[in-house]
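Novice: Sequence isn't available, so here's the structure alone:
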């Protein structure tokens, strides 16, 4: 850690000379203001620049949508923007002097940080920065393993950006349509699995995918998947207990990591990184329904960051969502699924007429369950000194659900039909109330 700090202090001193320097995270250089490369004519103290990606040995590809953050250490304030379609950014109305810290982040690339940046009054300081592709190390207990040693495929999903554009509300559904190796499909008439979506990697068991949150193991559910649905006989991790608005990114290791973690990582590892912003916030309202006119889904979420001390943070997220059931019914066939009499269509029709019923009264309703969620999430870190920091994160989810199951009828299950209450049979409903909570605290020395 001491070596890391020293490197960037030297970097800040070299920046003032206008030379190009190379670091382990890429390249950075200060160039004189040039009206040709300036985004626009800006009056006052400002900071501009261009972010490009390293293409082999030649930096040539501009990065669109890269997140650029400027920290003013004198007051602890920060401002964030994104690069435009040609990879440029601009901050205007800044305070002359410094020191400033400039940080650039882009999913799939190593974070670039420049310290000790000083601005001249009423002038524009321009930066040109090159980011190198990132190799993410997910899945190890060893302290000496670095990201550069990881040679397996890793998907890095920018959930913070994806959640604003994708027409999905659950974290599992966001990943389902983003990560090719990840699968999570909602179940129907599958008991408790209608309310806890099973998920897996590479088509393997749900209990063979290890889920981490901020690099720490996430607990599994109390539900054993049964009734022939996905993950039958196994216990997985319920990713939907985490509000997607509070997730910064998800790293998915698409290869087995049993040697590092054990049998629960045979299919791979998923690391969920929570938001760590110490200011600002966002509100998300998402609603929609299926083309059949059912399955109305509405979500309202709030995220807010607070500063703890000089460098610490407390990031809070809360959301509530409602998802109505979807119904895909089918017409009964007297030879396949009779109501009163088996293997005798004539007696079956007579029994229906005597009861004043038709097959429309016994439609099997299949589809997604009705679900209500209330979720909360926090992520915090407090730095006591350069060598000591405390961290903590946790979540809570309350869920109520109602799902359909197959009909119980006189023709097939006469002993389970109580004629005094349900003379013609009934379709049971599975009602659940789920409480899911977790908390982690620790110290970094």
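Specialist: Nice, I can see it. Computed from a prediction, not measured in an experiment: that's the story for all the values here.

Novice: drop to CA atoms for contacts and neighbour counts, all remaining ones
Specialist: Will do.

Novice: which residues does residue 154 bridge with?
Specialist: Counting by DSSP bridges, residue 154 is bridged to residue 253.

Novice: Sorry, slip of the keys, the one I care about is residue 201.
Specialist: residue 182.

Novice: Repeat that for residue 49.
Specialist: Beta-bridge partners recorded for residue 49 (DSSP bridges): residue 89, residue 127.

Novice: Endpoint to endpoint, stretch 356-373 covers what distance?
Specialist: The straight-line separation of the ends of stretch 356-373 (C-alpha to C-alpha, to the nearest Å) is 40 Å.

Novice: Can you give me the buried ones in that stretch?
Specialist: Buried residues in stretch 356-373, counting neighbours by 16 or more other C-alpha atoms under 10 Å, are found at 359, 362-373.

Novice: want to throw the residues you listed into JSON lines with distance to residue 104?
Specialist: What follows is the buried residues of stretch 356-373, written out as JSON lines (distance: C-alpha to C-alpha, whole Å):
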{"residue": "359", "distance to residue 104": "63"}
{"residue": "362", "distance to residue 104": "60"}
{"residue": "363", "distance to residue 104": "57"}
{"residue": "364", "distance to residue 104": "54"}
{"residue": "365", "distance to residue 104": "51"}
{"residue": "366", "distance to residue 104": "48"}
{"residue": "367", "distance to residue 104": "44"}
{"residue": "368", "distance to residue 104": "41"}
{"residue": "369", "distance to residue 104": "42"}
{"residue": "370", "distance to residue 104": "42"}
{"residue": "371", "distance to residue 104": "39"}
{"residue": "372", "distance to residue 104": "38"}
{"residue": "373", "distance to residue 104": "35"}
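
Novice: Nearest to residue 272 among those residues?
Specialist: Checking the buried residues of stretch 356-373 against residue 272 with C-alpha to C-alpha, the nearest one is residue 373 at 19.9 Å.

Novice: Sticking with that closest one, tell me its helix or strand.
Specialist: Counting by DSSP states H and E, the element that carries residue 373 is strand 370-385.

Novice: outside of stretch 166-182, which residues touch it?
Specialist: Residues outside stretch 166-182 that contact it (C-alpha atoms under 8 Å, 6 or more residues apart in numbering): 155, 157, 162-163, 183-184, 197, 199-203, 239-240, 242-244, 254, 286, 288, 297, 299.

Novice: buried ones in that stretch?
Specialist: Within stretch 166-182, the residues scored as buried using 16+ other C-alpha under 10 Å are 168-176, 178-179, 181-182.

Novice: Next step: those residues restricted to strands.
Specialist: Among these, the subset assigned to strands under DSSP state E consists of residue 182.

Novice: so where's this protein shaky on pLDDT?
Specialist: 1-43, 55-60, 134-152, 227-228, 329 (pLDDT under 70).

Novice: can you give me the helices in it?
Specialist: Ranges of helices within the chain are 2-15, 159-162, 171-176, 258-261, 345-355, based on DSSP state H.

Novice: May I see the buried residues of stretch 166-182 organised as JSON lines, with distance to residue 78 added?
Specialist: As requested, these are exported to JSON lines (distance: C-alpha to C-alpha, whole Å):
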{"residue": "168", "distance to residue 78": "31"}
{"residue": "169", "distance to residue 78": "30"}
{"residue": "170", "distance to residue 78": "30"}
{"residue": "171", "distance to residue 78": "29"}
{"residue": "172", "distance to residue 78": "32"}
{"residue": "173", "distance to residue 78": "33"}
{"residue": "174", "distance to residue 78": "30"}
{"residue": "175", "distance to residue 78": "31"}
{"residue": "176", "distance to residue 78": "34"}
{"residue": "178", "distance to residue 78": "31"}
{"residue": "179", "distance to residue 78": "32"}
{"residue": "181", "distance to residue 78": "37"}
{"residue": "182", "distance to residue 78": "36"}
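
Novice: And the furthest pair within the buried residues of stretch 166-182?
Specialist: Across these, no pair lies farther apart than 169 and 181, at 20.0 Å, counting by C-alpha to C-alpha.

Novice: Thought residue 411 was touching residue 424, still the case?
Specialist: No: in this structure, residue 424 is not within contact of residue 411 by C-alpha atoms under 8 Å, at 9.7 Å.

Novice: can you list residues touching both of these two?
Specialist: Where contact means C-alpha under 8 Å, 6+ apart, the residues bridging residue 424 and residue 411 through contact with each are residue 339.

Novice: can you pull out the strands in the stretch 201-350 of the chain?
Specialist: Remark: strands assigned in the stretch 201-350 of the chain by DSSP state E, counting those that start in this stretch are 209-213, 216-217, 247-253, 268-274, 281-288, 297-308, 312-323.

Novice: The residue nearest to residue 215 when sequence neighbours are not counted: neighbour count?
Specialist: Leaving aside its sequence neighbours, residue 215 sits nearest to residue 271 (C-alpha to C-alpha, 6 or more residues apart in numbering; 6.1 Å). Residue crowding around residue 271 was assessed by other C-alpha atoms under 10 Å; the count is 22.

Novice: any idea how far residue 271 is from residue 305?
Specialist: Relative to residue 305, residue 271 is positioned 21 Å away (C-alpha to C-alpha).

Novice: OK, contacts around the closest residue to residue 219 other than its chain neighbours?
Specialist: In space, residue 219 comes closest to residue 237 once its chain neighbours are excluded; the distance is 6.6 Å by C-alpha to C-alpha, 6+ apart. Taking C-alpha under 8 Å, 6+ apart as the criterion, residue 237 is in contact with 198-199, 206-207, 211, 218-221.

Novice: are any of those buried, and which?
Specialist: Neighbour-count burial (16+ other C-alpha under 10 Å) is assigned, among these, to 198-199, 206-207, 211, 218-219.

Novice: Closest to residue 407 out of those?
Specialist: Using C-alpha to C-alpha, residue 198 is the member of the buried ones among the contacts of residue 237 that sits closest to residue 407, with 24.1 Å.

Novice: Dihedrals phi and psi, the closest one?
Specialist: Torsion angles at residue 198 (phi, psi; degrees, to the nearest 10) stand at phi -70, psi 150.

Novice: Touching, it and residue 233? I think so.
Specialist: No: counting by C-alpha under 8 Å, residue 198 stays clear of residue 233, with 11.5 Å between them.

Novice: Please report the distance of residue 301 from residue 287.
Specialist: 12 Å.
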